[in-house]
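**Q** no sequence on this one, just coordinates:
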């Protein structure tokens with residue numbers, strides 16, 4: 001019996017930029033992937049894995065879920081993740097195997113032994129959202145492509161900022177926004193707080209986010225799939 005056992009998961013991924021100045025070990029023989037540029041893989045990980053984590057945390061906490069496994073195995077969990085990933089994939093380089101990556105995420109997230117807590121993932125959300133969701137949202141909007149899942153994700157985050165247990169460097173400002181606006185006009189204030197005054201001034205976008213917040217309040221996470 002090992003009282004200090006550390007639980008792990010049966011997953012590894014090593015992506016290495018092949019710019020060695022001399023001979024190197026043949027790490028590819030044991031599964032490492034050598035590529036000319038690791039940046040696309042970093043972006044995929046940030047937008048798909050980390051981005052879906054943040055989305056599941058915002059939706060899951062409001063739905064009474066505790067862990068990533070609890071959220072992904074909820075009736076809405078996998079459909080929401082796959083819809084989000086399919087949308088975000090349009091902002092990624094075409095030579096990435098996004099489908100296999102997303103299948104891997106679903107398998108990893110359903111591992112109940114990991115006990116990855118949603119409350120922990122939701123920490124510092126105002127910082128994470130700007131890195132994980134806003135770049136693909138801007139890219140899709142600039143390309144004239146719809147982004148209902150990313151817009152819905154922002155609505156889920158906006159709704160999450162009402163949480164009294166919010167653990168965020170901007171928590172006091174967020175609570176002040178909700179108190180001062182009485183929920184009317186909170187969305188543009190929160191978008192400005194994220195450093196996106198252009199989105200805050202886009203009336204159509206703000207109205208859509210507000211509508212998605214109301215839909216989440218009424219129907220829960222499945223509202224993002226409508």
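**A** That came through, no problem. It should be emphasised that the depicted structure is a prediction, and the values quoted were computed from it without experimental measurement.
**Q** Which helix or strand contains the residue nearest in space to the middle of the chain?
**A** Nearest to the mean C-alpha position of the chain, by CA atoms, centre = their mean, lies residue 51 at 2.0 Å. Here residue 51 sits within helix 51-62, counting by DSSP states H and E.
**Q** Going along the chain, name the strands of this structure.
**A** Using DSSP state E, the strands found in the chain span residues 15-17, 33-35.
**Q** How about the contacts made by the closest residue to residue 111 other than its chain neighbours?
**A** Distances taken as CB to CB, 6 or more residues apart in numbering put residue 9 closest to residue 111, at 5.6 Å, once the chain neighbours are dropped. The way it works is simple: take the backbone N, C-alpha and C, and place the C-beta from them, glycine included. Taking CB atoms under 8 Å, 6 or more residues apart in numbering, we find residue 9 in contact with 108, 111, 113-114.
**Q** So which of those residues is the closest to residue 18?
**A** Sorting these by how near they are to residue 18, with CB to CB, puts residue 108 at the top with 26.2 Å.
**Q** what about the closest one, distance to residue 11?
**A** In this structure, residue 108 lies at 6 Å from residue 11, with CB to CB, to the nearest Å as the measure.
**Q** in this structure, what spans have low per-residue confidence?
**A** Within the chain, no stretch has pLDDT under 70.
**Q** at 80 instead, please
**A** Applying pLDDT under 80 to the chain picks out residues 7, 182-184.
**Q** Residue 108 and residue 11: who's more crowded?
**A** For residue 108 versus residue 11, neighbours defined as other CB atoms under 10 Å are more numerous around residue 108 (17 against 10).
**Q** For that one, give me its contacts.
**A** With contacts defined as CB under 8 Å, 6+ apart, residue 108 is in contact with 9, 11, 114.
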